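Engineer: no letters, just coordinates:
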């Protein structure tokens, strides 16, 4: 089910086998089971599958039933409106970060379309690098090996960027990155016992990393501290 992403409305068994690395026979068995449980729809004309409506209801149940999001969303919205910036909250899923909440005040329409449920790569983003700073050493090694296999030509430079970001989180509590043109994002991990590591980020358009850092690091860390205390009190 993770194989279905924006731009991939229909996937056949061959597509799913390629994306998941599972054997074709296993994929065929799982797709039949998921169709039977209503999580996938089969389209005979395309000879492929797409996500079914119950998946959306599960996402809605998760968001509406999350006490963390109920706490975080109003605080994030207040900061976004006050400073006219983007504010997001995410968690890790395998080698990607998944937005749990996103409040967008970006001048660029394309970047206002970042919504809850959207995925971004761990290795390229401030969200992912801040999460790596809080990850266990063993998990970090696993992911570094995956990143290296996926980007062998650029891995040396990318690894240095990631390690610098991890060091920045340790020294200042946050890291910065600009993986999309003309957008700078700062992120900080929120680690509370009994919860996954959440990552809070803020982003702006058209600023240099230095300018964005000077303007945004204090509000980011202040909101992070409030969220950490609120989550810890749950």
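Structural biologist: In hand now; what should we look at? Only a predicted model underlies this, so the values are computations on that prediction, with no experimental measurement involved. Residues are numbered from 1 along each chain as shown.
Engineer: can we go C-alpha only for contacts and neighbour counts from here?
Structural biologist: Noted.
Engineer: mind listing what the nearest residue to residue 84 once chain neighbours are set aside touches?
Structural biologist: Using CA to CA, 6 or more residues apart in numbering and skipping the chain neighbours, the partner closest in space to residue 84 is residue 105 (5.5 Å). Residues near residue 105 by CA atoms under 8 Å, 6 or more residues apart in numbering: 80, 81, 84, 85, 86, 112.
Engineer: what helix or strand is residue 105 on?
Structural biologist: Residue 105 is part of no helix or strand, with elements assigned from DSSP states H and E.
Engineer: tell me the SS of residue 16?
Structural biologist: helix (DSSP: H, G, I helix; E, B strand; the rest coil).
Engineer: now the helices for this structure?
Structural biologist: Along the chain, the segments classed as helices by DSSP state H run 13-20, 24-36, 53-64, 67-83, 126-134, 137-150, 155-172, 209-232.
Engineer: what bits of this protein have low per-residue confidence?
Structural biologist: For the chain, residues meeting the criterion pLDDT under 70 lie at 106-113, 207.
Engineer: hmm, 90 instead?
Structural biologist: Scanning the chain for pLDDT under 90 picks out 5-9, 104-116, 179-183, 205-208.
Engineer: which residue is the nearest non-sequential neighbour of residue 64?
Structural biologist: residue 70 (7.6 Å).
Engineer: oh, I was asking about residue 54
Structural biologist: Of all residues beyond its chain neighbours, the one nearest residue 54 is residue 39 (6.0 Å), with distances taken as CA to CA, 6+ apart.
Engineer: out of the helices of the chain, which is the most enclosed?
Structural biologist: Of these, the one with the most neighbours on average (mean count of other CA atoms under 10 Å) is helix 126-134, at a mean of 28.
Engineer: angle of that helix against helix 137-150?
Structural biologist: Taking axes from the mean of the first three to the mean of the last three CA atoms, to 10 degrees, one finds that helix 126-134 is oriented at 140 degrees with respect to helix 137-150.
Engineer: good, wrapping up.
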